[in-house]
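Undergrad: output the structure for:
(one chain, ligands or ions: 1)
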Amino acid sequence: MQDNRRDFSDNEKMLLFNEVDGHCPICGDTLSHKKKGSIYRTFDIAHIYPANPRPEEVKILENELLLSSDVNDLKNVIAVCKKCHKIFDTPRTVEEYQKWYRLKLRLIQDAEIKNTYQLFNIESEIKTILENLNNPNFEDELISLNYESLKIDEKTNSTLPFIIKRTIKRDVVDYFDFIKKLFIEINKTNPYKFETLASQIKGFYFKCMQINQSQEYIYNTLVDWLCIKTDNYSKRACEIVIAYFIQDCEVFS
Ligand SMILES: [Zn+2]
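TA: Numbering: from 1, shown residues only. Model (predicted):
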């Protein structure tokens, strides 16, 4: 029988290894080992849709979405440990196919959005907000917002899990008033600084929407981006700032 598999180059293998951060995305095992001073790769490149599907596999996968029309495209392969690869292939199941499909799709989308980070900057004044949120001297200035003024319910949909929505609501209630005052102060010395920051966040929000419109994905991606753009100062503070912009109409509008 004809074998449709192709050999992958060292650079392609490196990309696939990096895509999963050097660990099997199914079981977490490391995908390299060190012996006598050298490092060796210990992984397989698994086809998600099989390269040489048997007739029964074609049948069970006939209604499934494909990551690429070319089985050897990097979009249809993933670095995994040899054991997980074997289990995935024998016997093939629709449930595992769907799980691996979603996993790889997420990795593709993560890479796509990260490749745009350098195009979407945010001005450094946002760091002032993060630092003030982290300053215990301001604790007395935190005035809770009335739950009735929350706009989160009307702006969110079923793609946002309850636990994230609850966190966003609590962050808005706890910090909205405080952050608003900080922005007013910033605008006094730097006119239109708030508007600039808001439009930068909105610009990246639209970029996320081009890739995946799930609100869970958008929220997590906005937080990760802001965290990277502010030198990983505080992920928690970034969550609070993103919650602010959700309430303030820039995000999820
Ligand atoms: Zn594994």
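
Undergrad: can we go C-alpha only for contacts and neighbour counts from here?
TA: OK.

Undergrad: list the buried residues in stretch 24-42.
TA: 24-25, 29-31, 42 (16 or more other CA atoms under 10 Å).

Undergrad: quick check, nearest of these to Ile246?
TA: Of all these, Pro25 has the smallest distance to Ile246: 31.6 Å, by CA to CA.

Undergrad: ok, back up a step: with distance to the ion and secondary structure added, can I get the buried residues of stretch 24-42 in TSV?
TA: Converted to TSV, the buried residues of stretch 24-42 look like this (distance: CA to the ion, whole Å; DSSP: H, G, I helix; E, B strand; the rest coil):
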residue	distance to the ion	secondary structure
Cys24	5	coil
Pro25	7	coil
Asp29	6	coil
Thr30	8	strand
Leu31	9	coil
Thr42	11	coil
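
Undergrad: out of those, flag the one nearest to Glu64.
TA: Closest to Glu64, out of all of the buried residues of stretch 24-42 and judged by CA to CA, is Pro25, at 21.2 Å.

Undergrad: need the nearest residue in space to the closest one, chain neighbours excluded.
TA: Val80 (6.5 Å; CA to CA, 6 or more residues apart in numbering).

Undergrad: check the gap between the one you found and Thr30 for me.
TA: Between Val80 and Thr30 the computed distance is 9 Å (CA to CA, to the nearest Å).

Undergrad: overlap in contacts, these two.
TA: 23-24 (CA atoms under 8 Å, 6 or more residues apart in numbering).

Undergrad: need the residues of the stretch 51-200 of the chain near the ion, please.
TA: Applying CA under 5 Å from the ion, one finds that the stretch 51-200 of the chain approaches the ion through 81, 84.

Undergrad: which stretches of the stretch 51-200 of the chain form helices?
TA: 55-60, 82-89, 94-114, 126-133, 152-155, 162-189, 193-211 (DSSP state H, counting those that start in this stretch).

Undergrad: what's the fifth one packed up against?
TA: Judged by 3 or more CA pairs under 8 Å, 6 or more residues apart in numbering; DSSP states H and E, the packing partners of helix 152-155 are helix 162-189.

Undergrad: average pLDDT across the helix it packs on?
TA: For helix 162-189, the mean per-residue pLDDT is 96.

Undergrad: which residues of the stretch 1-150 of the chain score low on pLDDT?
TA: 1 (pLDDT under 70).

Undergrad: contacts for stretch 190-210?
TA: By CA under 8 Å, 6+ apart, the list of residues contacting stretch 190-210 reads 113, 120-123, 126, 183-184, 186-187, 218, 221-222, 245, 250-251.

Undergrad: what do you get if the cut-off is 7 Å, keeping everything else the same?
TA: With CA atoms under 7 Å, 6 or more residues apart in numbering as the test, stretch 190-210 has contacts from 120, 122-123, 183, 186-187, 218, 222, 250-251.
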